[in-house]
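Asks: Show me how the following folds:
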Amino acid sequence: MSDPLENVIQVIEFIRKQRDDNPTDFPPQHITAFFKIAQKNSVTYKYLMDELNLSNASVSRIVNSLGTNPNHRKKGLMWVEKIIDPNEGRRHRVRLTPKGIGIFEQINKIVTNNDSTA
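Replies: Have a look, this model is predicted:
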């Protein structure tokens, strides 16, 4: 039986290694936001604000960092994308990209099978 704490450590290290430009620059709220988006398939900014107890500006920075439009000249991870909410044209939703889905599947392997692909 695998050690759950070791699995958590492996997941954290796997995620950190995805940030090629600076693996130490991966705040915990980014990881939490990624998991919240993955759980629901797509979420609104408001949902992330409520779940993470963050401002709209903070959520926007996180989405940009996980997506394709980061600030401070950093390369975006391209794990998420913003889409127009089909039910409310003025609202945006965030969902995983195919790359984000692949990352989430690899994380699931680490957690469920202790298959360290890190």
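Asks: quick one: contacts for residue 38?
Replies: Residues near residue 38 by CB atoms under 8 Å, 6 or more residues apart in numbering: 96, 100, 104. For every residue, glycine as well, the C-beta is placed using N, CA and C.
Asks: repeat that for 10 Å
Replies: 79, 80, 95, 96, 100, 101, 103, 104, 105, 107, 108 (CB atoms under 10 Å, 6 or more residues apart in numbering).
Asks: among those residues, which are in strands?
Replies: Counting by DSSP state E, the part of the contacts of residue 38 found in strands is 80, 95, 96.
Asks: pLDDT below threshold where in the protein?
Replies: 1-2, 20-25, 70-74, 114-118 (pLDDT under 70).
Asks: What are the boundaries of the strands in it?
Replies: Under DSSP E, the chain gives strands at 42-44, 80-85, 88-96.
Asks: For the residue nearest the centre of the chain, give its distance to residue 52.
Replies: Note on the chain: the residue nearest the mean C-alpha position is residue 34, at 2.2 Å, using CA atoms, centre = their mean. Separation of residue 34 from residue 52 (CB to CB, to the nearest Å): 11 Å.
Asks: Run a quick check on residue 112 versus residue 7, I expect a contact.
Replies: Yes - applying CB atoms under 10 Å, one finds residue 112 in contact with residue 7, separated by 8.8 Å.
Asks: Okay then, goodbye and thanks.
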